[in-house]
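J.: All I have is the shape, not the residue letters:
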């Protein structure tokens, strides 16, 4: 692998690693990041401000200035006692002045803003606050004029202190690098924590309907049923068509529902009078919150008959008609919410959560540890905007908790130094960290945040209580090839708090019990995962600031299951690498049998004879060998966590045509000629796979036909030889048979033939069903 795509281990000055040698107790809560000092100015309010305009009004605002950095509050019209409650944060390492100037001004539209008064602070005299100290109490300060004299009217309430990123005011503060943006877009730059909604599987069994009333009398309707939940719609099989007043379907449908269950399950029954025209016959609305929840119980809930209402009555119109109506069609349903499953919103290969949906079942799984993540910094980011700048922020996802760092503006080497913590319920899970460029700091809503890169870390590969600090390469596969957009500096620590529970977990199923008692049909898995992703993306995009849809989809790998020639090659070479170990063992055995190394062959003979004479030593020897090999490999254990491997992913040498195919939309938007060429290529590959599968099927059919009398002569030969072997093995001790077989198998090459052996020749002559294929 190229060195630029590898991990780089670092030794940043983290308090958790230094052991508080510096005497700073701030590390008790923020010990996985580097300490960053900030100057905080809390502008609370003002009172008794003098009138500055001829009209007798005042539109005050506050300007906080430290050297070349300046921040301003919003102005309040005609208010001599304004209230702002605005906190400004200035990075201490960028301070270029020894004084803090807090100035109150009067906003004028036509002329220059009027000076009302100011307060000066010496930075050297600013107090230092360290959490968990209580917040610093703001105080009233008399305003001064430009000569330093106290003015008659006007006071301002302020609090000024030195703190760190562990301060409670840090997330909501207006940082010095963002003072140039507007108040409306400031929220898009702040750090936040999000929780994705709890998802459930909603199951519907559509059984039958009775006494349907057709729109046209004297005509047998062609019944079409629909079941809808939000944007999810299911329909029974169209064939054979249901031409009856009492149709029978008996079909199961699965939907993804989310808390707080404020949607309605809609069942409609229509009459298809033409290929593109349907007339409604009945409708049913069921609140999702009223549906029965099933836990870890295999028994299904009882089915029920529901009244099908006419569409006008179902939608709330014609309440009088509902009272007058004494007859209604019926529909037979079984509806329930499966709370014992885990709704997959990401691939199981790198999922961060396997807990069931039910809160009761979640409480039965104890927490086994704590995951701490320090998002330190990034370096060598590529410019993502035309002006040669990048406004980068990070998003981390583990379980249902998402975190977003603040956006650092106009820098290619951002330093976040933000720390987050998650509870861990299963060590065989993956945390995902992505880096994005913020395109919404100027109030534009139509843009998309470009992806800079992503990192995945599996918790089971981390040593307990060890701090991993590395620069991870940010790799993104684009239509023009693999691109490195920079490096992300992370600090990760997994702490186990319940060793016994963690060891027991390795013997338990990965998914909840219901996934094995009543598995979900495989044909629905991808569709349900897609709906779950859409629900999570829609919910998080409504937060403030929003986690936008493109961010959520990239973090959840929404396109992971789509076809890709590159991924197919990567999976093929993964299988080949596994078979390499088996082939190495086979080559070693072949070297032993061919006496390539006589000393080794003699030792194998001796070991074989010992095990034959003392068979009770076979299993202890095998397990002792495994123990010794594992202990020996401990010296060579991986010292770095796994990361995105460009060579394993076949991303370094991928062709342009394969990339163009991978980034194609679904369904395709390419010209027919290109699609035809790619289809022919897939046909050739599928032909080879078809041949391999056919050969595997033929071997299995030959094994079955040994006793099936499809070849009567071969079966007769086999059963006669089996009878002879049974008699021989009965009268001959097992140890003698084992010694004879072993010596024959390890015989010298001069006693070997280059032709295939008799059993192989006999097996290859057995019939298969290949000749029966059309």
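T.: Structure received. Keep in mind that what you see is a predicted model, and the values were worked out from it rather than measured.
J.: Excluding covalently adjacent residues, which one is nearest to the spatially most central residue of the chain?
T.: The chain has residue 556 as the residue nearest its centroid, 3.9 Å off, counting by CA atoms, centre = their mean. Leaving out its chain neighbours, the residue that sits closest to residue 556 by CB to CB, 6 or more residues apart in numbering is residue 346, at 4.8 Å. All C-beta spots, glycine's among them, are computed from the backbone N, C-alpha and C.
J.: quick one, what contacts that neighbour?
T.: When contacts are counted by CB atoms under 8 Å, 6 or more residues apart in numbering, residue 346 touches 352, 529, 533, 556, 557.
J.: cool, and residue 113?
T.: Applying CB under 8 Å, 6+ apart, one finds that residue 113 lies in contact with 105, 106, 107.
J.: swap in residue 347?
T.: Counting by CB under 8 Å, 6+ apart, residue 347 has contacts 529, 557, 560, 561.
J.: Which of the contacts of residue 113 are buried, as a PyMOL select command?
T.: Listed next is the PyMOL selection for buried residues among these, using 16 or more other CB atoms under 10 Å:
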select buried, resi 105+106+107
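J.: Save the contacts of residue 113 as CSV, and put in secondary structure too.
T.: Below are those laid out as CSV (DSSP: H, G, I helix; E, B strand; the rest coil):
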residue, secondary structure
105, strand
106, strand
107, coil
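J.: Within its sheet, name the partner strands of the strand or helix carrying residue 87 and how each one runs.
T.: Element membership of residue 87 [criterion: DSSP states H and E] is strand 83-91. Sheet pairing for strand 83-91, assigned by DSSP bridges, gives strand 37-47 (antiparallel), strand 174-175 (parallel).
J.: what residue ranges in the stretch 51-200 of the chain are flagged as low confidence?
T.: Scanning the stretch 51-200 of the chain for pLDDT under 70 picks out the ranges 54, 179.
J.: run the last query once more with 90
T.: Within the stretch 51-200 of the chain, the stretches with pLDDT under 90 are 51-59, 67-80, 91-98, 106-115, 124, 129-136, 145-154, 163-191.
J.: Repeat that for the stretch 551-700 of the chain.
T.: Scanning the stretch 551-700 of the chain with the threshold set as pLDDT under 90 gives 557-623, 625-626, 630, 633-694.
J.: Mind jotting down where the helices sit in it?
T.: Remark: helices assigned in the stretch 551-700 of the chain by DSSP state H, counting those that start in this stretch are 565-593, 598-613, 618-633, 656-662, 672-705.
J.: And the stretch 151-300 of the chain, by the same measure?
T.: Under DSSP H, counting those that start in this stretch, the stretch 151-300 of the chain gives helices at 183-186.
J.: What is the neighbour count of the residue nearest to residue 68 when sequence neighbours are not counted?
T.: In this structure, residue 68 finds its nearest non-sequential neighbour in residue 96, 5.8 Å apart by CB to CB, 6+ apart. Residue 96 has 8 neighbours, counted by other CB atoms under 10 Å.
J.: what are the phi and psi values for residue 96?
T.: phi -120, psi 20 (degrees, to the nearest 10).
J.: can you list contacts of stretch 303-310?
T.: With contact meaning CB under 8 Å, 6+ apart, stretch 303-310 is reached by 205, 207, 209, 212, 267, 269, 280-284, 286, 318, 321-322, 325, 328-335.
J.: Correction: the previous question concerned stretch 603-620.
T.: 592, 621, 735, 738, 739, 742, 743, 746.
J.: Inside helices: which ones of those?
T.: 592, 621, 735, 738, 739, 742, 743 (DSSP state H).
J.: and these, which are buried?
T.: Neighbour counting by 16+ other CB under 10 Å classes 592, 738, 742 among the ones in helices among the contacts of stretch 603-620 as buried.
J.: In a markdown table: those residues, plus distance to residue 442.
T.: Below are these laid out as a markdown table (distance: CB to CB, whole Å):
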| residue | distance to residue 442 |
| --- | --- |
| 592 | 72 |
| 738 | 80 |
| 742 | 79 |
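J.: just to revisit the earlier point, take the contacts of residue 346 and write them to TSV, including distance to residue 688.
T.: Formatted as TSV, the contacts of residue 346 follow (distance: CB to CB, whole Å):
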residue	distance to residue 688
352	37
529	30
533	34
556	33
557	28
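J.: quick one: which of these is nearest to residue 263?
T.: Checking the contacts of residue 346 against residue 263 by CB to CB gives residue 533 as the nearest, at 17.5 Å.
J.: confidence score at that closest one?
T.: Note on residue 533: pLDDT of 93.
J.: List the residues that contact it.
T.: Residue 533 touches 345, 346, 552, 553, 556, 558, counting by CB under 8 Å, 6+ apart.
J.: if we go to 6 Å?
T.: 345, 556, 558 (CB atoms under 6 Å, 6 or more residues apart in numbering).
J.: Tell me which helix or strand the first one sits in.
T.: Spelled out, that is residue 345. Per DSSP H and E, there is no helix or strand for residue 345.
J.: Any idea how many residues pack against it?
T.: Applying other CB under 10 Å, I find that residue 345 has 26 neighbouring residues.
J.: so who does it touch?
T.: Contact analysis of residue 345 by CB under 6 Å, 6+ apart lists 532, 533, 536.
J.: how about the contacts of residue 347 in CSV, adding distance to residue 13?
T.: CSV is the format used below for these (distance: CB to CB, whole Å):
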residue, distance to residue 13
529, 43
557, 35
560, 38
561, 43
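J.: which of these count as buried?
T.: Neighbour counting over the contacts of residue 347 (16+ other CB under 10 Å) leaves 529, 557 as the buried ones.
J.: Pull out the buried positions in stretch 476-485.
T.: Residues 476, 477, 482, 484, 485 are the ones in stretch 476-485 that count as buried (16+ other CB under 10 Å).
J.: Show me the shaky parts of the stretch 401-550 of the chain.
T.: 409-410, 439-448, 477-482, 505-507, 510, 517, 520-526, 543-546.
J.: where exactly do the helices run in it?
T.: Per DSSP H, counting those that start in this stretch, the stretch 401-550 of the chain carries helices over the ranges 499-505, 514-517, 522-540, 549-555.
J.: could I get those helices as JSON lines with distance to residue 248?
T.: JSON lines is the format used below for the helices of the stretch 401-550 of the chain (distance: least, CB to CB, whole Å):
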{"stretch": "helix 499-505", "distance to residue 248": "46"}
{"stretch": "helix 514-517", "distance to residue 248": "28"}
{"stretch": "helix 522-540", "distance to residue 248": "22"}
{"stretch": "helix 549-555", "distance to residue 248": "40"}
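J.: Can you tell me which of the ones you listed is packed in deepest?
T.: Of all these, helix 549-555 has the most neighbours on average by mean count of other CB atoms under 10 Å, namely a mean of 21.
J.: so where's the stretch 251-400 of the chain uncertain?
T.: Scanning the stretch 251-400 of the chain for pLDDT under 90 picks out 271-282, 295-299, 309-329, 345-350, 359-366, 384-389.
J.: Run through the strands of it in chain order.
T.: 264-274, 277-287, 293-294, 304-308, 329-338, 369-379, 392-398 (DSSP state E, counting those that start in this stretch).
J.: for these, which one ends up most surrounded?
T.: A comparison of these by mean neighbour count, using mean count of other CB under 10 Å, puts strand 392-398 on top with a mean of 25.
J.: okay, the angle between that strand and strand 369-379?
T.: Strand 392-398 and strand 369-379 meet at an angle of 160 degrees, taking axes from the mean of the first three to the mean of the last three CA atoms, to 10 degrees as the criterion.
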